[in-house]
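Visitor: coords below, sequence missing:
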């Protein structure tokens, strides 16, 4: 008698939400909207550098099974089987 190992392909969708909390020095006379515009114009590299803000970095990752009948690249209806992990650095 032979011992066969049967396998199947499991289609997954992995999605991640990332957050970090930079602090940016802006001119004091600007209101919040102006300060945000100023920061985006003058400090965008610093703001979007998650490594620079690794001590405030937080992420949530979800893994879900995608039904095989769904087309890759579309926005499929997910099954109820999922795993969520949370990472804080």
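Guide: Cool, the structure landed. Not measured: the values here are computed from a predicted model.

Visitor: Hmm, residue 11 is touching residue 65, no?
Guide: Yes: using C-beta atoms under 8 Å, residue 11 is in contact with residue 65, at 6.9 Å. The C-beta positions use only the backbone N, C-alpha and C, and glycine is treated the same way.

Visitor: Would you agree residue 59 is in contact with residue 14?
Guide: No: when contacts are counted by C-beta under 8 Å, residue 59 is not listed as touching residue 14 (11.6 Å).

Visitor: which one of these two has more residues nearby?
Guide: residue 59 (15 against 9; other C-beta atoms under 10 Å).

Visitor: Any figure for the gap between the more buried one and residue 17?
Guide: 7 Å (C-beta to C-beta, to the nearest Å).

Visitor: and if you look at residue 56?
Guide: 15 Å.

Visitor: neighbour-wise, which of those two wins?
Guide: Set residue 56 next to residue 17 and count neighbours by other C-beta under 10 Å: residue 56 wins out with 14 against 10.
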